[in-house]
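Participant: following is a predicted model, sequence given first.
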Amino acid sequence: MNQWSHEQFSKVQMAGFETIVGLTNKALEGFEKLVELNLQTMKTTLADTREGVEKALSAKDLQEFTELQIELFQPAADQVLAYRRNLYAILAATQAEFAKVFEVQYAEGKSGLESFLESMVKSAPGGSAAPLTAWQEAVKATTTLYESMQSTAKQAVQVAESSFNTAAEAASEGIRQRAVQPSRAAAK
């Protein structure tokens, strides 16, 4: 059997520590971007609200006030969609960084487990190789199932994201069309 030396153990610990530090840095970078996005959104919303209130206070009648509300609604809806896209981009980038690290860790762990099992089968006493080989095959089947499930989950997320983007764009287009209709009616 293989025995781990102090150097091997220290190397594994240091690699784990470096992985944790790297993931923490990526999480903080994502958090910084999120804070920046929220601050910018708050500044923009405050400026737009001020402008909207000034316009609302200058409305001469109910018709002008209603048209103003419709006029202000479309940019607000577009800003919500832009915020959602930016938020998603930040989250997706952060998640992608984590996924890269986890994929590397998974591959290294899988390789280490396979090497360990192979060395166990090779150094097993007579008659015990069959159960170890069966265990080795079970591990291979489990990793294949895990990888298949992971691939299916990624595809499901892509389909859900695509559906959400399509629905958001359709809703935005519907709002744009409704905003144009009252202004055409007022022009007649």
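Facilitator: Okay, I see it.
Participant: ok, then the element right after the longest helix along the chain?
Facilitator: Criterion DSSP state H: the longest helix present in the chain is helix 62-123. Sequence order places helix 129-187 as the next helix or strand after helix 62-123, per DSSP states H and E.
Participant: pLDDT of that next one, averaged?
Facilitator: Average pLDDT, helix 129-187: 74.
Participant: tell me what angle it forms with helix 62-123.
Facilitator: Counting by axes from the mean of the first three to the mean of the last three Cα atoms, to 10 degrees, helix 129-187 lies at 170 degrees to helix 62-123.
Participant: which strands and helices lie in contact with helix 129-187?
Facilitator: Other helices and strands packing on helix 129-187, by 3 or more Cβ pairs under 8 Å, 6 or more residues apart in numbering; DSSP states H and E, are helix 62-123. Placement of C-beta: from N, CA and C, glycine included.
Participant: and the helix it packs on, how far from the chain's centre?
Facilitator: Helix 62-123 sits 1 Å away from the centroid of its parent chain (Cα atoms, centre = their mean, to the nearest Å).
Participant: then stretch 109-124?
Facilitator: 35 Å.
Participant: which residues outside it are in contact with it?
Facilitator: Here stretch 109-124 makes contact (Cβ atoms under 8 Å, 6 or more residues apart in numbering) with M1, N2, A129, L132, T133, W135, Q136, V139, K140, T143.
Participant: and L34, what does it touch?
Facilitator: Contacts here follow Cβ under 8 Å, 6+ apart; on that basis L34 touches L87, I90.
Participant: so it: helix, strand or coil?
Facilitator: With DSSP: H, G, I helix; E, B strand; the rest coil as the basis, L34 sits in helix.
Participant: gap between it and Y88?
Facilitator: From L34 across to Y88, the span is 11 Å (Cβ to Cβ, to the nearest Å).
Participant: before we move on, back to that, quick one: which of the contacts of stretch 109-124 is nearest to L62?
Facilitator: T143 (67.7 Å; Cβ to Cβ).
Participant: list the contacts of that closest one.
Facilitator: For T143, counting by Cβ under 8 Å, 6+ apart, the contacting residues are K110.
Participant: could you redo the last one with a cut-off of 10 Å?
Facilitator: Y106, G109, K110, L113, E114 (Cβ atoms under 10 Å, 6 or more residues apart in numbering).
Participant: count residues in the vicinity of the nearest residue to Q136 once chain neighbours are set aside, would you?
Facilitator: Once flanking residues are discounted, Q136 sits nearest to L117: 4.5 Å by Cβ to Cβ, 6 or more residues apart in numbering. For L117, the neighbour count with other Cβ atoms under 10 Å is 18.
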